[in-house]
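Chemist: just need the structure, nothing else, for what follows:
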Amino acid sequence: MIIVEQSWYGCPVGAAASWAIYDFLQHYGNLSYKLWYSDPYRTPANIPGLLFTNFTSNSIVDFYIAYVYNEYLNASYNGTPIPQNELVPVGEQIIKEEYTQMGLPSQVVHYIIQYETQVPIQQYGEPSAFYGKLSHLNFAILISGPNGTYIVTTPIVNPIVLEGYTPSYVLNNLDQFPQIVQAS
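Modeler: Predicted coordinates for the structure are as follows:
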């Protein structure tokens, strides 16, 4: 089974999702991470999360992650400036390069890009990349195994439930957040 996440350093949705992903993956391997907060200038702001730096599987689960943009959504993950009107196409190129380097099949990249940029979300009427003021690749998680392939491009944990907490507090009290436990 593979789990593939796409996010960006300042993404409040990715920050919230990171806890459910951590809660699940900790049973299937060794996960390295940094304690983090989402972009302080976006709403919701300063959502506590984890930035994953490595996963070593000890099971049938493999995990891959690509962070596309920096914390402030004005550059790539490595600091290369990106004009606001080019965030989507540059983001697509970044995840293609990152996932190719990780050895993922091109079909995985295709699905993530397709679902973020072409498939409308029912409650918004447009794809997630084009929802909001600034078009960009938001968050996606793809899970594929013997029972099929599933992709989600909307929050799996509402970021608002984590407002006001520190990453350390959330990490040490995961069981006190029902949304995280249910999502994992």
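Chemist: mind listing the residues bridging to residue 75?
Modeler: Judged by DSSP bridges, the bridge partners of residue 75 are residue 81.
Chemist: what ranges do the helices span in the chain?
Modeler: 12-25, 87-101, 106-117, 167-172, 178-183 (DSSP state H).
Chemist: let me have those in TSV, extended by mean pLDDT.
Modeler: Formatted as TSV, these follow (pLDDT from 0 to 100):
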stretch	mean pLDDT
helix 12-25	97
helix 87-101	97
helix 106-117	96
helix 167-172	98
helix 178-183	89
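Chemist: what's the most buried one of those helices?
Modeler: For the helices of the chain, average neighbour numbers computed from mean count of other Cβ atoms under 10 Å are highest in helix 12-25, which has a mean of 24. For every residue, glycine as well, the C-beta is placed using N, CA and C.
Chemist: can I get the CA coordinates of that one in CSV?
Modeler: Provided in CSV are the C-alpha atoms of helix 12-25 (Å, rounded to 0.1, in the frame of the first residue of the first chain):
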residue,chain,number,x,y,z
PRO,A,12,-3.2,24.9,7.3
VAL,A,13,-5.0,21.9,5.8
GLY,A,14,-1.8,20.0,5.5
ALA,A,15,-0.8,20.9,9.1
ALA,A,16,-4.1,19.6,10.4
ALA,A,17,-3.9,16.5,8.3
SER,A,18,-0.3,15.8,9.4
TRP,A,19,-1.6,14.6,12.8
ALA,A,20,-3.9,12.0,11.4
ILE,A,21,-1.2,10.8,9.0
TYR,A,22,1.3,10.6,11.9
ASP,A,23,-1.2,8.8,14.1
PHE,A,24,-1.6,6.2,11.3
LEU,A,25,1.9,5.9,10.1
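Chemist: quick one: the helix or strand bottoming out on mean pLDDT in the chain to chain centroid distance?
Modeler: Confidence across the helices and strands of the chain bottoms out at helix 178-183, with a mean of 89, counting by mean pLDDT, DSSP states H and E. In this view, helix 178-183 has its centroid 16 Å away from the chain centroid, taken as Cα atoms, centre = their mean, to the nearest Å.
Chemist: quick one: contacts of it?
Modeler: The contact list for helix 178-183, computed with Cβ atoms under 8 Å, 6 or more residues apart in numbering, reads 17, 19-20, 23, 156-158, 161, 170, 174-175.
Chemist: that concludes my questions; thank you for your assistance.
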